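A.B. asks: no sequence on this one, just coordinates:
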């Protein structure tokens, strides 16, 4: 081989080496660009997810606060609805205390106030528990004692000491009663 041919071969090899080196450099740069793009996309997605999370947390807090306020408003309305009918009763008791009438007038006034109180309770669906004359029922009556008698059936309610009340079908408080104890019926 001649010197010229050797130089030409060297130049060709150098050219091939340069081409290969350039291709490898381009591949390296291409991979780097892809990774940078992927990193940027992931960073953008992370920022968007953090933003969504912050918005959801704020929305949740607002919903929780709104629900607590609505619950308090419902309680306040229920209390207002329950108390309102009794304000007139309280006013009438105050007037009765200021009254200078005799005992009969005072008694009549108190009876009217009791009737007004019963009406207010009935307006709230609160009903008295039936007691005197009915058979003792431990679900709605609480016996404080018994009265020996032969005139009434055993376990009949003879006396109501404190009235019991129901709200629709739910017992608010049992009636305190005294019941008949008929020894003649017990022995039979």
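C.D. replies: That came through fine. Since the structure is predicted, the reported quantities are computational estimates derived from the model, not experimental observations. Numbers count the residues shown, from 1 in each chain.

A.B. asks: From now on I want contacts and neighbour counts done on CA atoms only, so please keep to that.
C.D. replies: Will do.

A.B. asks: Centre-most residue in this structure?
C.D. replies: Central residue of the chain (CA atoms, centre = their mean): residue 71, 7.1 Å from the mean position.

A.B. asks: just how off-centre is the one helix or strand that residue maps to within its chain?
C.D. replies: Assigned by DSSP states H and E, residue 71 belongs to helix 3-98. Per CA atoms, centre = their mean, to the nearest Å, the displacement of helix 3-98 from the mean C-alpha position of its chain is 31 Å.

A.B. asks: next SSE after it?
C.D. replies: The element immediately downstream of helix 3-98 (helix or strand, assigned by DSSP H and E) is helix 103-123.

A.B. asks: what comes into contact with that next one?
C.D. replies: Among residues not part of helix 103-123, those counted as contacts by CA atoms under 8 Å, 6 or more residues apart in numbering are 85-86, 89, 92-93, 96, 99, 127.

A.B. asks: For it, list every residue counted as buried.
C.D. replies: Neighbour counts using 16 or more other CA atoms under 10 Å place 109, 113, 116-117, 119-121 of helix 103-123 among the buried residues.

A.B. asks: just to revisit the earlier point, elements contacting the helix holding residue 71?
C.D. replies: Helices and strands in packing contact with helix 3-98 are listed as helix 103-123; criterion 3 or more CA pairs under 8 Å, 6 or more residues apart in numbering; DSSP states H and E.

A.B. asks: So what are the sheet partners of the helix or strand that comes right after the helix it packs on and their directions?
C.D. replies: Counting by DSSP H and E, the element after helix 103-123 in chain order, helix or strand, is strand 126-128. Listed by DSSP bridges, the sheet partners of strand 126-128 and their directions read strand 165-167 (antiparallel).

A.B. asks: Mind checking what helix or strand follows the partner strand in sequence?
C.D. replies: Counting by DSSP H and E, the element that comes right after strand 165-167 along the chain is strand 170-173.

A.B. asks: need the helix or strand of this protein with the lowest average pLDDT.
C.D. replies: Using mean pLDDT, DSSP states H and E, the weakest-scoring helix or strand in the chain turns out to be helix 183-187, at a mean of 68.

A.B. asks: My guess is residue 124 contacts residue 82. True?
C.D. replies: Yes: when contacts are counted by CA atoms under 8 Å, residue 124 is listed as touching residue 82 (7.0 Å).

A.B. asks: list the residues that contact both of the two?
C.D. replies: The overlap between the contact sets of residue 124 and residue 82 (CA under 8 Å, 6+ apart) is empty.

A.B. asks: Walk me through the domains of this protein.
C.D. replies: With domains defined by automatic domain parsing, the chain comprises 1-124, 125-188.
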